[in-house]
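A.B. asks: this one's sequence-less:
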């Protein structure tokens, strides 16, 4: 693979020739790219991309219908579904420096806790993680859906440690809430059961283990974060529990499936909890880009306090981490 200014050249040597898929075609095999012959047993494809883009890709075997890594690119990353993708950064971008552990700062403390899954589909305990920042004063809480991914792939504790150390954010505590992979759609598609679990199981535990601001004295000071369908659930949490979660962070949230709006859209149309603060970001190569653009327009129309950002990337945790 070669990167020159705003172009990237993918290369394949030998035969048979695989297909090329990635963020640039939303991983859609039906839209997979066929490489062109450049010389004997040498095949290429050139893409023009934003100079600050981060992308993931893989080759696809049309016979076995399986993806596999590019043998000419040693850079790969966990794709979250049991495999790995190749990746690359264009010349005018780089990994976020805030995601790199620094030896000169005091980090927070991360502890694990086994909690019951009352209200959820599972009938067994689930392990969550609580982050306590390196300060003595009371702090607000950030609840993180898909917490294991944000913890391990998103490097969120490292990012928060660095942001606190540089006084870019006030100190916060965090609760990393893993979803049940098999039942994730049920838990995150605007689920009141998930809200009950958060309200009756997670918040009491967080108040017991962390030095949190009293939400009754400081209503709406907690935040909630999620990506993809977790971003949908983040919206739903803030709209349904604004007295607790007055700050919503949604990364590439989903607001419509098969032409049907999620409940969050109806809540916004009726200006429910319109005093919450909302942050949205989405990749310009994300399949949910138009969905997020439409939601942002609706939020602006209904006078919500929303900050919106598009970045040069796709639908993955590295892109969300860097943004």
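C.D. replies: Good, I have the coordinates. Treat the numbers as computed from the prediction; the structure is a model and nothing was measured. Numbering: from 1, shown residues only.
A.B. asks: Strands of the stretch 1-150 of the chain, residue ranges please.
C.D. replies: 2-4, 7-13, 19-22, 33-34, 36-39, 42-48, 54-61, 66-68, 76-78, 84-89, 109-115, 126-132, 141-145 (DSSP state E, counting those that start in this stretch).
A.B. asks: buried set for the last one?
C.D. replies: Just to be clear, that refers to strand 141-145. Buried residues in strand 141-145, counted by 16 or more other C-beta atoms under 10 Å: 141-145. Using the backbone N, CA and C atoms, a C-beta is placed for each residue, glycine as well.
A.B. asks: so of the strands of the stretch 1-150 of the chain, which one's packed in deepest?
C.D. replies: strand 141-145 (a mean of 26; mean count of other C-beta atoms under 10 Å).
A.B. asks: what pairs with that one, and is each one parallel or antiparallel?
C.D. replies: Here strand 141-145 is paired, per DSSP bridges, with strand 173-177 (parallel), strand 222-227 (parallel).
A.B. asks: what is the rounded mean pLDDT of the longest one?
C.D. replies: Read it as strand 222-227. Taken as a whole, strand 222-227 has a mean pLDDT of 98.
A.B. asks: ditto for the shortest one
C.D. replies: Computed over strand 173-177, the mean pLDDT rounds to 98.
A.B. asks: Run the chain-centre distance for it.
C.D. replies: 15 Å (C-alpha atoms, centre = their mean, to the nearest Å).
A.B. asks: Please apply the same query to the last one.
C.D. replies: Averaging C-alpha coordinates over strand 222-227 and over its chain gives two centres that are 10 Å apart (C-alpha atoms, centre = their mean).
A.B. asks: got a list of contacts for it?
C.D. replies: Strand 222-227 is contacted by residues 140-146, 149-150, 172, 188, 213, 215, 232-234, 237-238, 244-253, 317, 320 when judged by C-beta atoms under 8 Å, 6 or more residues apart in numbering.
A.B. asks: quick one, strands of the stretch 201-323 of the chain?
C.D. replies: 222-227, 245-251, 256-257, 260-261, 277-283, 305-311.
A.B. asks: Could you give the separation between the terminal residues of stretch 71-91?
C.D. replies: 21 Å (C-alpha to C-alpha, to the nearest Å).
A.B. asks: Touching it from outside, list them.
C.D. replies: 1, 3, 5-6, 8, 11-13, 22, 49-58, 67, 69-70, 95, 149, 153, 312, 316-318.
A.B. asks: re the thing from before, would TSV of the strands of the stretch 1-150 of the chain with distance to residue 294 and mean pLDDT be doable?
C.D. replies: Listed next are those as TSV, based on distance: least, C-beta to C-beta, whole Å; pLDDT from 0 to 100:
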stretch	distance to residue 294	mean pLDDT
strand 2-4	33	91
strand 7-13	30	95
strand 19-22	25	97
strand 33-34	28	96
strand 36-39	36	93
strand 42-48	27	95
strand 54-61	24	97
strand 66-68	30	95
strand 76-78	30	94
strand 84-89	28	97
strand 109-115	36	97
strand 126-132	33	96
strand 141-145	22	98
